[in-house]
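**Student:** Next input, structure requested:
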Amino acid sequence: MTLRSTFVGAALALAAAVPAAAQELKFANFTPPFHTVNASVIEKLNADLSAATGGSLTVRGYHGGELGAGPVEQYVRAVQGVADITWGLPGYTSQQFQKTMIVELPGVVPEGKSGADALCDAMDEISGEFPGTVPVALWTSEPNIMIMKDKVVRTPEDLAGLKIRVAGATAGKVAEALGATPVQMPINQVYNALQTGLIDGVFTGSSTLNDFKLDEVADAFTIGAPLGRLAFFAVMGQNAYNGLSDDAKAAFDANSGCALGNNAETAWNATGEEGVARARQDGKNTFVDLTPEQAQAFADAVSGVVAEYVASVGGEAALAAMQE
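**Tutor:** Below is the predicted model:
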């Protein structure tokens, strides 16, 4: 055996003994690390991928907008590779996600079914709305409530002319049907807008009471009106996904998707329940828990919104899939 062959053999043996280089995926989070998304999506995905790959594929969260602060721009940051994975709300760019946002409308998600499962069932119909990315998880919030400042809402008439923040086009249709004026803005601007009187209230999930401390600047809460819910996405840039090894892709595919979306949705609901329970203990707050008869007045006012919106976006097949 020559010296050269001995050297080559030793080098090959050493290479075989060295594990594949570890890869860390950058997950951009425009909210603080205490937000529900961190534990339920970012840390969950990191733990699952690390376990599945022996630590060779991990996820690191970049919180508080470290990779870009604007919530509206999160999707494009994944496409452009600023981050490997991002999360956000379809409502912030409603024109892109017209069929996806059907899930936000009142009564679309059947009783006993999660919004995450509804979105998964409709994936064949909505996948074209996620160009340049691989969906990591899709889910919805707990049902929306009314979070108001200096305005107690018991009937649709109480909303007449009020400025109500909404996340996107579907919630805007609901607000208009109830006689309010919708104001679209990202959630990270709502605290100041409520505090300064720029808006009178917001239709959103009660998880925002914990995640964005909205009860600090609001004092009236109406629960039980059919206002729909919010939708969320986590997406991975297609180039980042293509850059994974076959084994890493297999691990990623097995630990993302419907199960991760349902994990997020369960966490959102728990955060919402905690927020309401805490806010009820504050003496400054007024809570209106609508009776079925009171809720029906709101249901009557928004009864035409679903059919009108679905028809406007050609979303009949997507709606049917969500309601399977």
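**Student:** From G81, how far off is the nearest residue to L67 once chain neighbours are set aside?
**Tutor:** Closest residue to L67 apart from its sequence neighbours, by C-beta to C-beta, 6 or more residues apart in numbering: A28 at 4.1 Å. C-beta: built from backbone N, CA, C; applies to glycine. The gap separating A28 from G81 is 11 Å, by C-beta to C-beta, to the nearest Å.
**Student:** For these two, indicate the residue with more neighbours.
**Tutor:** Ranked by neighbour count (other C-beta atoms under 10 Å), A28 and G81 place A28 first, with 24 against 13.
**Student:** What residues are recorded as beta-bridge partners of the residue nearest to L67?
**Tutor:** Y62, T86 (DSSP bridges).
**Student:** do the same with V183
**Tutor:** R165.
**Student:** give me every residue that touches it.
**Tutor:** 163-166, 193, 198-199 (C-beta atoms under 8 Å, 6 or more residues apart in numbering).
**Student:** From those, keep the buried residues only.
**Tutor:** Burial by neighbour count, 16 or more other C-beta atoms under 10 Å: within these this picks out 163-166, 193, 199.
**Student:** can I get the residues you listed in TSV with distance to A299?
**Tutor:** Conversion of the buried ones among the contacts of V183 to TSV gives the following (distance: C-beta to C-beta, whole Å):
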residue	distance to A299
K163	23
I164	18
R165	22
V166	18
A193	28
I199	24
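**Student:** Redo those as CSV? Include pLDDT and distance to F298.
**Tutor:** Below are the buried ones among the contacts of V183 laid out as CSV (pLDDT from 0 to 100; distance: C-beta to C-beta, whole Å):
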residue, pLDDT, distance to F298
K163, 98, 18
I164, 98, 13
R165, 98, 18
V166, 97, 15
A193, 98, 23
I199, 98, 19
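**Student:** Out of the residues you listed, name the two that are farthest from one another.
**Tutor:** V166 and A193 (12.0 Å; C-beta to C-beta).
**Student:** how far does stretch 286-299 sit from the chain's center?
**Tutor:** Centroid separation for stretch 286-299 versus its chain: 26 Å, with C-alpha atoms, centre = their mean, to the nearest Å.
**Student:** That should have said stretch 253-265, apologies.
**Tutor:** 12 Å.
**Student:** Buried residues in that stretch, which are they?
**Tutor:** Applying 16+ other C-beta under 10 Å to stretch 253-265 flags 255-258, 260-265 as buried.
**Student:** Quickly note the distance from the nearest residue to G314 once chain neighbours are set aside to G272.
**Tutor:** Leaving aside its chain neighbours, G314 sits nearest to K99 (7.7 Å; criterion: C-beta to C-beta, 6+ apart). Separation of K99 from G272 (C-beta to C-beta) stands at 26 Å.
**Student:** what residue ranges in the stretch 101-250 of the chain score low on pLDDT?
**Tutor:** Under the criterion pLDDT under 70, no range of the stretch 101-250 of the chain is flagged.
**Student:** shared neighbours of A28 and G81, anything?
**Tutor:** In contact with both A28 and G81: no residue, using C-beta under 8 Å, 6+ apart.
**Student:** Need the contact partners of the helix or strand containing F252.
**Tutor:** Using DSSP states H and E, F252 maps to helix 246-255. Contact with helix 246-255 is made by 23, 45, 48-49, 52-53, 56-57, 236, 241, 244, as judged by C-beta under 8 Å, 6+ apart.
**Student:** got JSON lines for those, with distance to D219, neighbour count and secondary structure too?
**Tutor:** Listed next are the contacts of helix 246-255 as JSON lines, based on distance: C-beta to C-beta, whole Å; neighbours: other C-beta atoms under 10 Å; DSSP: H, G, I helix; E, B strand; the rest coil:
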{"residue": "Q23", "distance to D219": "48", "neighbour count": "17", "secondary structure": "strand"}
{"residue": "L45", "distance to D219": "37", "neighbour count": "24", "secondary structure": "helix"}
{"residue": "D48", "distance to D219": "41", "neighbour count": "20", "secondary structure": "helix"}
{"residue": "L49", "distance to D219": "43", "neighbour count": "22", "secondary structure": "helix"}
{"residue": "A52", "distance to D219": "47", "neighbour count": "17", "secondary structure": "helix"}
{"residue": "T53", "distance to D219": "49", "neighbour count": "21", "secondary structure": "helix"}
{"residue": "S56", "distance to D219": "51", "neighbour count": "18", "secondary structure": "coil"}
{"residue": "L57", "distance to D219": "47", "neighbour count": "24", "secondary structure": "strand"}
{"residue": "M236", "distance to D219": "41", "neighbour count": "22", "secondary structure": "strand"}
{"residue": "Y241", "distance to D219": "46", "neighbour count": "20", "secondary structure": "helix"}
{"residue": "L244", "distance to D219": "49", "neighbour count": "18", "secondary structure": "coil"}
